[in-house]
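Asker: My questions are about this predicted structure, shown below with the sequence.
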2 protein chains.
Amino acid sequence: MSDIKWSQSEKKAARAVFDAALQRECAAILSRLKELATSAKTPQDMWAIEEYIAEQRRQIDSKYDFRYSQLIRVFGRLLRENWIEEEELQALSAEKLAWIQSIAML
Amino acid sequence: MSDIKWSQSEKKAARAVFDAALQRECAAILSRLKELATSAKTPQDMWAIEEYIAEQRRQIDSKYDFRYSQLIRVFGRLLRENWIEEEELQALSAEKLAWIQSIAML
């Protein structure tokens, strides 16, 4: 899929969808972090929070790859994990959307 | 100072002081962590919290060394940093207390 062509309007739409998903997922991580911090009582709870954030950060860094050669795969995963909705991808070509849907169902 | 002898009663008192200081410092870190989490708004704030905890953990791990060969140095530092009070060290010999005080003033 690395030779897929992206029009200017698709690139712009893809960026908006990508950024929105990243923002949603970071907000969910932050919300969970706040819960963990609120209920933390022991040093072990603190070290667990550190590990939680570190793991989430690794996951975010590896998942959110905005190279056009990777975007179909990225959007497929985000759709599968419910960070984006199909309706947000309507600006993309039918072919791209089909690929994204097929990856989401893997 | 590695050949200092510790009586049984000194060992017991040292353990209590050591544990109390560790508990105080961890409570202070936890309190700060809760503040940081409460005010966190962005992903950068989260990554900063991760780094804060990691740094505090490294510091705790290196500072709190309960080997008798290290305790005078450890208590000297804890006294300097106000995690313990001189009154808590009264069960130790006058010689040990003097060493601890001199290290605290470094």
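Answerer: Noted; the coordinates are in hand. Residues are numbered from 1 along each chain as shown, chains lettered A, B, ... in the order given.
Asker: Over to the residue in chain A positioned nearest to chain B. Which of the three states is it?
Answerer: Going by C-beta to the nearest C-beta, chain B is nearest to A:A37 of chain A, at 3.4 Å. Any C-beta I mention is one placed from the backbone N, CA and C, and that applies to glycine too. Here A:A37 takes the helix state, with states given by DSSP: H, G, I helix; E, B strand; the rest coil.
Asker: and what of A:I103?
Answerer: Recorded secondary structure, A:I103: helix (three-state DSSP).
Asker: Name all residues that make contact with the residue sitting furthest away from the middle of chain A.
Answerer: For chain A, the residue at maximal distance from the C-alpha centroid (C-alpha atoms, centre = their mean) is A:T42, at 31.9 Å. Shown in contact with A:T42 (C-beta atoms under 8 Å, 6 or more residues apart in numbering or on different chains): B:C26.
Asker: how close does it sit to B:Y64?
Answerer: Plainly put, A:T42 is 15 Å away from B:Y64 if you go by C-beta to C-beta, to the nearest Å.
Asker: tell me which element A:L22 is part of?
Answerer: If you go by DSSP states H and E, A:L22 is part of helix A:8-39.
Asker: mean confidence score for the helix or strand following that helix?
Answerer: Using DSSP H and E, the helix or strand that directly follows helix A:8-39 along the chain is helix A:43-63. The average of the pLDDT scores along helix A:43-63 is 97.
Asker: Quick check: mean pLDDT of the helix holding A:L22?
Answerer: Mean pLDDT, computed over helix A:8-39, is 98.
Asker: Name the residues of stretch A:5-20 that are buried.
Answerer: Of all the residues in stretch A:5-20, those buried under the rule 16 or more other C-beta atoms under 10 Å in any protein chain shown are A:W6, A:E10, A:A13, A:A14, A:V17, A:F18.
Asker: How about stretch A:63-71?
Answerer: Per 16+ other C-beta under 10 Å, stretch A:63-71 contains these buried residues: A:Y64, A:L71.
Asker: Please compute how far it lies from its chain's middle.
Answerer: Taking C-alpha atoms, centre = their mean, to the nearest Å, one finds the center of stretch A:63-71 at 10 Å from the center of the full chain.
Asker: How about stretch A:9-18?
Answerer: How far stretch A:9-18 lies from its chain's middle: 14 Å, per C-alpha atoms, centre = their mean.
Asker: could you check whether it is close to chain B?
Answerer: No. Stretch A:9-18 does not reach chain B (C-beta under 8 Å from any C-beta of the partner chain); its nearest approach is 14.3 Å.
Asker: from memory A:Q56 sits against A:S31, does it?
Answerer: No. Under the contact definition of C-beta atoms under 8 Å, A:Q56 does not touch A:S31, with a separation of 11.6 Å.
Asker: Neighbour count for those two, which is higher?
Answerer: Counted by other C-beta atoms under 10 Å in any protein chain shown, A:Q56 and A:S31 do not tie: A:Q56 has more neighbours, with 21 against 10.
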